[in-house]
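Q: Whatever this is, show me its structure:
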Amino acid sequence: MAAGKITFRITGVNFQYDDEGNNQQVDLNFQTSDPEGKLYAGGIIPISPEEHFAASNLTAMAEIVKRKYLERVNGVEEEESTEE
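A: All right, here's what the predicted structure looks like:
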């Protein structure tokens, strides 16, 4: 049985703002599935406003989600900010 390509789809984009109205984070809602519909997942991947505006369309956003999802699944952790 050959493995098929898993697709990532953006199902929603939500903007998170601070008390002053500044955009602090963009949450990308996504769903993913294999061609047979037997393997699927979904969730929310937070990205920075800069990453969002650099992504020119839903396909570009889906690529960001795919990269961040696979990093998380493979145990690659993002650097945490030390700001408080």
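
Q: would you say Val76 is within a helix?
A: No - under DSSP: H, G, I helix; E, B strand; the rest coil, Val76 falls outside any helix and is assigned coil.

Q: I'd like to know which elements the helix ranked longest in the chain is packed against.
A: As assigned by DSSP state H, the longest helix anywhere in the chain is helix 58-73. Here helix 58-73 touches strand 7-17, strand 23-33, strand 40-47, helix 49-54, going by 3 or more Cβ pairs under 8 Å, 6 or more residues apart in numbering; DSSP states H and E. Backbone N, C-alpha and C define where each C-beta goes, glycine included.

Q: 6 Å instead?
A: Under the contact criterion of 3 or more Cβ pairs under 6 Å, 6 or more residues apart in numbering; DSSP states H and E, the helices and strands touching helix 58-73 comprise strand 7-17, strand 23-33, strand 40-47.

Q: And the contacts of it?
A: Contacts with helix 58-73, where a contact means Cβ atoms under 6 Å, 6 or more residues apart in numbering, come from 8, 10, 28, 30, 45, 47, 55.

Q: got the angle for that helix vs strand 7-17?
A: Interaxial angle, helix 58-73 versus strand 7-17 (axes from the mean of the first three to the mean of the last three Cα atoms, to 10 degrees): 90 degrees.

Q: mind showing which ranges of the chain have poor pLDDT?
A: Scanning the chain for pLDDT under 70 picks out 1-4, 78-84.

Q: Can you tell me the centre-most residue of it?
A: Val65 (2.9 Å; Cα atoms, centre = their mean).

Q: sorry, back to before: just the buried ones out of the contacts of helix 58-73, please.
A: Neighbour counting with 16 or more other Cβ atoms under 10 Å marks 8, 10, 28, 30, 45, 47, 55 as buried within the contacts of helix 58-73.

Q: out of the residues you listed, who's nearest Asp18?
A: Using Cβ to Cβ, Ile47 comes nearest to Asp18 of the buried ones among the contacts of helix 58-73, at 16.3 Å.

Q: residues contacting the closest one?
A: Ile47 is in contact with 26, 64, counting by Cβ under 6 Å, 6+ apart.

Q: at 7 Å instead, please
A: If a contact means Cβ atoms under 7 Å, 6 or more residues apart in numbering, then Ile47 has 26, 28, 64 as its contacts.
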